[in-house]
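>>> need coordinates for the below:
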Amino acid sequence: MAKWLNDVIHYVLSMQIIFDDIGSYPLPPSVTKEWFDETISRNDKDSKLYAVMQEAMQHKLLAGVDVPTYPQFQDMNHQFLQYITDEAATDEPYLVSEKHARIIELDAILPTARRYFDEYGSRMPLRVCVTGPLELYLHEFGATDYVDVYQALARSVDRFVGKAIDASQFFQVKTVSIDEPSIGINPQIMFGEEEMIKALTIASSTAASHGIDVQIHLHSPLYYHIACQTPGINVIGVESAANPQYLKLIDKKILEDTDSFLRVGVARTDIFSLTAVLNEKYNTNVWKDSERIKDVIIDMETSDVIAKRLETAYNIFGERIRYAGPDCGLGSWPTQEMAQGLLKNTRKGIDKFLVTT
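Predicted structure coming up:
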């Protein structure tokens, strides 16, 4: 990483607007999803598997992401439930043992973190994303209300976070994200707000006790106040690039009264909607045209557009914005080159905003 990029990182951090990403990323063309899933399921240190994750992490660092998420190629539920539902890996039903609360991706990126440490003399900043207890519960049980199981899942989530925090001397967990896309969207939720706040408090307890920022990643901010009332969560993620109207659902005073902050989406990641515009423009299928599909990052999601979105959000919420980045993950994007291109545009857009602020 160039010195100028490291200087920019420190400048952005000093401004308290931190550039992070959600996590998922496209696989390289030489790797199929089937091969990846089968190989990672063996839980062995496959050199090619680890190299794929190390390269993706390096892409994020080179794009200028301040606090990158470990590369997420796994299904968000299976990644954690494979341990939580394994009797040999649990202390009691749905409570993963601390020994097995493993995020294999953190093992894979250790060489990347070690190189970062050797180059800069400091630990590599890291964002750890975990699937939230409600999302895991809905995947397993749907429209039921086994409160004891729900809380056990919350304790499991907290154990994954705790193990991640202590995983290495070469990276430092700066941010933990609890991914709860169903809150505000899924009508099957049977739990009341008090039960959800209690579960989220359990899931965020270890990270909060270490003074780590805890985000909640929502696909709709309709019930963001639940996160505001959760002691361990201090950052609410809003997918406001594709849905700028979401910002109108949030009351700055509630953020101030609960000392909560925002992670605002400033770059769109809904690639199918973006390419639909190009299909209509060119009267073709741009997924089959490797040059025209690049218009997404060349003409649509440009640094100027991204800077303007951040300016709009900042004019409303000011210092209540702590993080900015793409709306969601980039796993569905056609190539790693395009995904990294969006991250680079986001870096430039945030920097443009900061220069003019």
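>>> quick one: the strands in the chain, in order.
18-19, 90-92, 95-96, 124-131, 171-179, 213-217, 235-238, 261-267, 321-326 (DSSP state E).
>>> any chance of those strands in a markdown table, with mean pLDDT too?
As requested, the strands of the chain are exported to a markdown table (pLDDT from 0 to 100):
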| stretch | mean pLDDT |
| --- | --- |
| strand 18-19 | 98 |
| strand 90-92 | 97 |
| strand 95-96 | 98 |
| strand 124-131 | 98 |
| strand 171-179 | 97 |
| strand 213-217 | 97 |
| strand 235-238 | 97 |
| strand 261-267 | 98 |
| strand 321-326 | 98 |
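>>> of those strands, which is nearest residue 309?
strand 261-267 (4.5 Å; Cβ to Cβ). Yep, even glycine has a C-beta here, placed from its N, CA and C like the rest.
>>> packing partners for the closest one?
strand 213-217, strand 235-238, helix 303-317, strand 321-326, helix 336-356 (3 or more Cβ pairs under 8 Å, 6 or more residues apart in numbering; DSSP states H and E).
>>> still on that earlier bit, reformat the strands of the chain as TSV; add mean neighbour count and distance to residue 153.
Converted to TSV, the strands of the chain look like this (neighbours: other Cβ atoms under 10 Å; distance: least, Cβ to Cβ, whole Å):
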stretch	mean neighbour count	distance to residue 153
strand 18-19	24	29
strand 90-92	14	11
strand 95-96	24	8
strand 124-131	25	9
strand 171-179	24	12
strand 213-217	25	16
strand 235-238	26	20
strand 261-267	27	24
strand 321-326	25	26
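>>> residue 104 is nearest to which of those?
Nearest to residue 104, of those and by Cβ to Cβ, is strand 124-131 at 12.8 Å.
>>> gap between residue 79 and residue 65?
21 Å (Cβ to Cβ, to the nearest Å).
>>> residue 322 too?
15 Å.
>>> again with residue 150
The value you get for residue 150 to residue 65, if Cβ to Cβ is used, is 33 Å.
>>> and what of residue 351?
Residue 351 is 13 Å from residue 65, by Cβ to Cβ.
>>> same deal with residue 347?
Using Cβ to Cβ, residue 347 is found at 7 Å from residue 65.
>>> overlap in contacts, these two.
residue 19 (Cβ atoms under 8 Å, 6 or more residues apart in numbering).
>>> can you list contacts of stretch 197-209?
Applying Cβ under 8 Å, 6+ apart, the external contacts of stretch 197-209 come out as 130, 132-134, 150-151, 153-155, 157-159, 161-162, 165, 173, 176, 178, 180, 191, 214, 216, 226-227, 229-234.
>>> same question, stretch 143-158
Where contact means Cβ under 8 Å, 6+ apart, the residues beyond stretch 143-158 that reach it are 80, 84, 92-96, 101, 130-134, 136-137, 141, 178, 188, 190-191, 195, 198-200, 202-207.
>>> for PyMOL, write the select line for the buried members of these.
Buried residues within the contacts of stretch 143-158, by 16 or more other Cβ atoms under 10 Å, are selected in PyMOL with:
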select buried, resi 80+84+94+95+96+101+130+131+132+133+134+136+137+178+191+195+198+199+200+202+203+204+205+206+207
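>>> restricted to helices, list the contacts of stretch 143-158.
80, 84, 133-134, 136-137, 141, 195, 198-200, 202-207 (DSSP state H).
>>> output the below-cut-off pLDDT ranges for the stretch 1-150 of the chain.
Residue ranges of the stretch 1-150 of the chain with pLDDT under 70: 1-15.
>>> helices of that one, residue ranges please.
With helices called from DSSP state H, counting those that start in this stretch, the stretch 1-150 of the chain shows them at 3-15, 33-40, 47-62, 78-84, 104-108, 110-120, 133-141, 147-165.
>>> wait, doesn't residue 134 sit right on residue 193?
No: the pair residue 134 and residue 193 fails to qualify as a contact (Cβ atoms under 8 Å) at a distance of 11.7 Å.
>>> what do the two both touch?
In contact with both residue 134 and residue 193: no residue, using Cβ under 8 Å, 6+ apart.
>>> distance of residue 335 from residue 21?
16 Å.
>>> the two: which has the busier surroundings?
Ranked by neighbour count (other Cβ atoms under 10 Å), residue 335 and residue 21 place residue 21 first, with 28 against 15.
>>> mind listing what that one touches?
Residue 21 neighbours (Cβ under 8 Å, 6+ apart): 60, 65, 68-69, 127, 325-326, 329-330, 343.
>>> can I get the helices of the stretch 1-150 of the chain in CSV including distance to residue 288?
Shown next, in CSV, are these (distance: least, Cβ to Cβ, whole Å):
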stretch, distance to residue 288
helix 3-15, 35
helix 33-40, 20
helix 47-62, 24
helix 78-84, 31
helix 104-108, 32
helix 110-120, 34
helix 133-141, 34
helix 147-165, 40
